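**Student:** Starting from these lines, generate the structure:
(chains A and B)
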Amino acid sequence: EAQVTQNPRYLITVTGKKLTVTCSQNMNHEYMSWYRQDPGLGLRQIYYSMNVEVTDKGDVPEGYKVSRKEKRNFPLILESPSPNQTSLYFCASSLFSGRAKNIQYFGAGTRLSVL
Amino acid sequence: GEDVEQSLFLSVREGDSSVINCTYTDSSSTYLYWYKQEPGAGLQLLTYIFSNMDMKQDQRLTVLLNKKDKHLSLRIADTQTGDSAIYFCAAVISSGSARQLTFGSGTQLTVLP
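**Tutor:** Alright, predicted model coming up:
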């Protein structure tokens, strides 16, 4: 089954404790992206990757890191989480970015609380 | 204003039609999308329209596109309680040399019995 898998689904942590949210897709997609969703703000892009070893900042990259060592995986790293990073996070993938037709497939989300 | 804008909330009675509106800024957007997010889930593509069309119908869903005004709408006929969700409009927006799929803030549709 074609899917984007994020783990964990729920995470409660404390300020400053490094964490990683994993994302994996099995559709051989080139493009992967991380978003955060906050009430009234919709989806805001954190980082994206157009291909292996190619990553770029989105609209709200501060406090986050990513890596793309393999095509299928795109982990999101919070080196020193802070309470303002409490949010719902989504990973997404698509065949290409920026082309005319760009259908993104989303993971189920990771709800993160930073105390 | 924002690149893709939508109102935040819409309430309708079961059986009525729902119309969710969206405006976007990039006239070169060739595909426009509607995604649906059910409670506790990720976004799923609902439908999309190519910019050389002004209407697309798919069962209870009708998408209308006014390219001149850069206005997109999603009409759901005979709205059911299962249609309660957040609906996101999305368009590929140019930003400098990059083109990115950009989402609106989402419209929370509540269907009242």
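**Student:** got any ranges where chain A has weak pLDDT?
**Tutor:** A:97-101 (pLDDT under 70).
**Student:** which parts of it sit against chain B?
**Tutor:** Contact residues (CB under 8 Å from any CB of the partner chain) of chain A with chain B: A:4, A:35, A:40-43, A:45, A:48, A:56, A:58, A:90, A:92, A:94, A:97-109. The way it works is simple: take the backbone N, C-alpha and C, and place the C-beta from them, glycine included.
**Student:** By neighbour count, sort out the buried ones in those.
**Tutor:** Neighbour-count burial within the residues of chain A next to chain B applies to A:4, A:35, A:42-43, A:45, A:48, A:58, A:90, A:92, A:94, A:97, A:102, A:104-107, A:109; the criterion is 16 or more other CB atoms under 10 Å in any protein chain shown.
**Student:** Could you list the single helix or strand in chain B with the lowest mean pLDDT?
**Tutor:** strand B:98-103 (a mean of 79; mean pLDDT, DSSP states H and E).
**Student:** Now do the buried residues in that strand.
**Tutor:** Applying 16+ other CB under 10 Å to strand B:98-103 flags B:99-103 as buried.
**Student:** need the strands for chain A, in chain order.
**Tutor:** A:4-7, A:10-13, A:19-25, A:31-38, A:42-51, A:54-57, A:65-66, A:76-78, A:87-94, A:105-106, A:110-114 (DSSP state E).
**Student:** how about the ones you listed in CSV, adding distance to B:Ala91?
**Tutor:** Shown next, in CSV, are those (distance: least, CB to CB, whole Å):
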stretch, distance to B:Ala91
strand A:4-7, 21
strand A:10-13, 31
strand A:19-25, 23
strand A:31-38, 15
strand A:42-51, 13
strand A:54-57, 19
strand A:65-66, 24
strand A:76-78, 25
strand A:87-94, 14
strand A:105-106, 17
strand A:110-114, 26
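**Student:** Give the bridge partners for the residue positioned nearest the centre of chain A, please.
**Tutor:** What sits nearest the mean C-alpha location of chain A, by CA atoms, centre = their mean, is A:Trp34, with 2.6 Å. Beta bridges link A:Trp34 to A:Tyr47, A:Cys91, judged by DSSP bridges.
**Student:** Noted, bye for now.
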